[in-house]
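Student: quick one, fold the following:
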Amino acid sequence: MFPLNIIFHVWAMIAGLLQPVQPTDPQPFNAKNAVLLEQFSSQSSLLACDCSITQSGNTYPISALLGNETPAAFYSYGNPIVSSANTGLELTEGLVIFLYEDMNTGIISLFLIADIGGDATGGSLEFEVNCLPQTAFVSVEDDPGEFFGAPPLITGDWTWAACCTDGGVIEDIGCNNTINLDLLVSAGIDSIVWLTGDINNPDQILLSMTGESITISCGTGGICCPVGLDTEVVVVDATCPDTPNGSIDLTPQDGYPGYTYFWSDGSTAEDLQNLYSGIYSVTITDSQGCTEELAITVGTSPGDPLAESASITLCSENMMALFNLTSLNETINLGTGFSVLWFQNENLTGPIINPSGYFTSSSVVYAVVDNGFCTSEPVPVVLTVIQSPIGTTATINLCEETNGMATFDLTTVDQEVSDGVGTVSWYQDDLLTSL
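Tutor: The predicted structure follows:
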């Protein structure tokens, strides 16, 4: 491997030789310098990959870590720590990401390594790498079957134990592409670090853990749209179907800021307020022209309560009766304990102020259930007054049988007492003490 500091040193000497200034301490161009210059010239084309990474609108210049072995050899899976990467760049509970250039071939690879072997913590991770060139392929994976797909989209679903790392290498991604890396879900990871610079002492760029994708741009690779803009959606349901107090709040996390919005109702605002329940569609476009389409449902909560119809039947001699409507509350609100409101008419006019003592003839009144936010549809309550029969006084005269006593057949006057309507029951007194 050609040391990077020597390359810069030789370049400085070469540049110095080209400048029309007299060096204070000129060095002879000896055979050793000639060898270094030849090595640099043969490798200079491999070192011209200028890249940057962008996340949440923040852009950082990066370079590939330069090595003189294959990506698989540098990854060094299982040696010396088993079931782990052994690059020497691993971080405890950290996700390490970097580009690696094999100086022997000029091939650029993307490394992703989660955690460090033997730190007694495990974890899991899901990610997507999009806009990969057709040359890209997975050359290293900690565990078989944890990478899926093929260019332009490769995904990963990793799980690792406390003993080990998880990770892999996507090789031959080229140096004139724009690639999007989206970390979807993670556990057991408390930092995301991008490494750049000297492979023996790389600089660390601490990236956000809040879900924004990372765009890797090399050369003039153009635009890479993420699989989606990973928009966070917060919905507040409308309290009732006929109440416009729902809302939708959008926060795109991927793509490039400068988002525009076009809603199915024609609105171009980022967020919507005062919504009825229903489905609202939106197209989100970032500043690069990448789009995401969403269909968002605003529900109702708690919504209209249920109500059950009921009836009461009372008897009265004059066809009027005093009804206690509140005795039906638990039937009408289905035992929910919600309030029941009473009205004389289906259009909810004529409120019944004293439902526990409602004096009326046969009629229909209406009840609605109120849960504190919404009211139910009105349900009918049938009030029926049945005419009470009126008994007629009757007399039976018998002669004494013995000691002033006689046997009376009361049923002989049933017809007279009832006037031919209904059944007659007999009692000893007006307290209805049974015979």
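Student: what helices and strands are in contact with the helix or strand harbouring L314?
Tutor: Counting by DSSP states H and E, the element that carries L314 is strand 310-316. The helices and strands touching strand 310-316, judged by 3 or more C-beta pairs under 8 Å, 6 or more residues apart in numbering; DSSP states H and E, are strand 321-323, strand 379-387. For glycine as for every other residue, the C-beta is placed from the backbone atoms N, C-alpha and C.
Student: of all those, which one is nearest G266?
Tutor: For the helices and strands packed on strand 310-316, proximity to G266 was assessed by C-beta to C-beta; strand 379-387 is nearest, at 38.9 Å.
Student: what about the helices in the stretch 301-435 of the chain?
Tutor: Using DSSP state H, counting those that start in this stretch, the helices of the stretch 301-435 of the chain run over 329-332, 414-418.
Student: quick one, what contacts P252?
Tutor: For P252, the contacting residues are 229-232, 259, 284, 286, 292, taking C-beta atoms under 8 Å, 6 or more residues apart in numbering as the criterion.
Student: any of these buried? List them.
Tutor: For these, a neighbour count by 16 or more other C-beta atoms under 10 Å gives the buried set as 229-231, 259, 284, 286, 292.
Student: re the thing from before, in JSON lines: the helices and strands packed on strand 310-316, plus mean neighbour count, distance to G350 and mean pLDDT.
Tutor: Rendered in JSON lines, the data for the helices and strands packed on strand 310-316 read as follows (neighbours: other C-beta atoms under 10 Å; distance: least, C-beta to C-beta, whole Å; pLDDT from 0 to 100):
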{"stretch": "strand 321-323", "mean neighbour count": "18", "distance to G350": "15", "mean pLDDT": "94"}
{"stretch": "strand 379-387", "mean neighbour count": "16", "distance to G350": "14", "mean pLDDT": "94"}
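Student: and D190, how many neighbours?
Tutor: 13 (other C-beta atoms under 10 Å).
Student: how much space between it and E377?
Tutor: Distance of D190 to E377, computed by C-beta to C-beta, to the nearest Å: 53 Å.
Student: can you check D265 too?
Tutor: Computed as C-beta to C-beta, the D265 to E377 distance reads 27 Å.
Student: surely M320 touches L383?
Tutor: No. If you go by C-beta atoms under 8 Å, M320 and L383 don't touch, sitting 10.9 Å apart.
Student: quick check: neighbours shared by these two?
Tutor: Residues touching both M320 and L383 (C-beta under 8 Å, 6+ apart) are T360.
Student: pick the most deeply packed of the helices of the stretch 301-435 of the chain.
Tutor: Mean neighbour count (mean count of other C-beta atoms under 10 Å) peaks for helix 329-332 among these, with a mean of 18.
Student: P226 and Y256 touch, don't they?
Tutor: No. When contacts are counted by C-beta under 8 Å, P226 is not listed as touching Y256 (9.9 Å).
Student: which residue packs closest to G78, ignoring adjacent ones?
Tutor: Computed as C-beta to C-beta, 6 or more residues apart in numbering, the closest residue to G78 that is not its neighbour in sequence is S84, at 6.9 Å.
Student: so what's that neighbour up against?
Tutor: Contacts for S84 were tallied using C-beta under 8 Å, 6+ apart; they are 77-78, 90, 116-118, 142, 163-165.
Student: then E93?
Tutor: Applying C-beta under 8 Å, 6+ apart, we find E93 in contact with 115, 119, 121, 123, 188-191.
Student: mind checking which of the residues you listed are buried?
Tutor: Those of those that meet the buried threshold are 115, 119, 121, 123, 188-189, by 16+ other C-beta under 10 Å.
Student: could you identify the most distant pair in those residues?
Tutor: Maximum pairwise distance in the buried ones among the contacts of E93, criterion C-beta to C-beta, is 12.1 Å, between D119 and I189.
Student: now, the contacts of E93 that are in strands?
Tutor: Cross-referencing the contacts of E93 against strands under DSSP state E gives 123, 191.
Student: dump the contacts of E93 to TSV, plus distance to C399.
Tutor: Compiled in TSV, the contacts of E93 are given as follows (distance: C-beta to C-beta, whole Å):
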residue	distance to C399
D115	116
D119	117
T121	111
G123	110
G188	109
I189	112
D190	112
S191	116
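Student: lowest-confidence entry in the contacts of E93?
Tutor: The member of these with the lowest model confidence is D119, at 84 (criterion: pLDDT).
Student: so what sits against both of P226 and Y256?
Tutor: Overlap of the contact sets of P226 and Y256 (by C-beta under 8 Å, 6+ apart) consists of C290.
Student: higher neighbour count, the two?
Tutor: When neighbours are counted by other C-beta under 10 Å, P226 comes out ahead of the other of P226 and Y256, with 25 against 18.
Student: can you select the buried ones among the contacts of S84 for me in PyMOL?
Tutor: The following PyMOL command selects only the buried members of the contacts of S84, with burial defined by 16+ other C-beta under 10 Å:
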select buried, resi 77+90+116+117+142+164+165
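Student: export the contacts of S84 to JSON lines and append columns for secondary structure, pLDDT and distance to C131.
Tutor: As requested, the contacts of S84 are arranged in JSON lines below (DSSP: H, G, I helix; E, B strand; the rest coil; pLDDT from 0 to 100; distance: C-beta to C-beta, whole Å):
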{"residue": "Y77", "secondary structure": "coil", "pLDDT": "91", "distance to C131": "27"}
{"residue": "G78", "secondary structure": "coil", "pLDDT": "88", "distance to C131": "31"}
{"residue": "E90", "secondary structure": "coil", "pLDDT": "95", "distance to C131": "27"}
{"residue": "I116", "secondary structure": "coil", "pLDDT": "90", "distance to C131": "30"}
{"residue": "G117", "secondary structure": "coil", "pLDDT": "85", "distance to C131": "31"}
{"residue": "G118", "secondary structure": "coil", "pLDDT": "83", "distance to C131": "35"}
{"residue": "D142", "secondary structure": "coil", "pLDDT": "89", "distance to C131": "24"}
{"residue": "C163", "secondary structure": "coil", "pLDDT": "89", "distance to C131": "34"}
{"residue": "C164", "secondary structure": "coil", "pLDDT": "89", "distance to C131": "30"}
{"residue": "T165", "secondary structure": "coil", "pLDDT": "90", "distance to C131": "26"}
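Student: in contact with the closest residue to P202 other than its chain neighbours, which residues?
Tutor: Distances taken as C-beta to C-beta, 6+ apart put L195 closest to P202, at 4.1 Å, once the chain neighbours are dropped. Applying C-beta under 8 Å, 6+ apart, one finds that L195 lies in contact with 65, 89, 96-98, 202-205.
Student: now these: which count as buried?
Tutor: 65, 89, 96-98, 202, 204-205.
Student: of these, which belong to helices?
Tutor: Assignment to helices by DSSP state H places none of the buried ones among the contacts of L195 there.
Student: restricted to strands, list those residues.
Tutor: Counting by DSSP E, the part of the buried ones among the contacts of L195 found in strands is 65, 96-98, 204-205.
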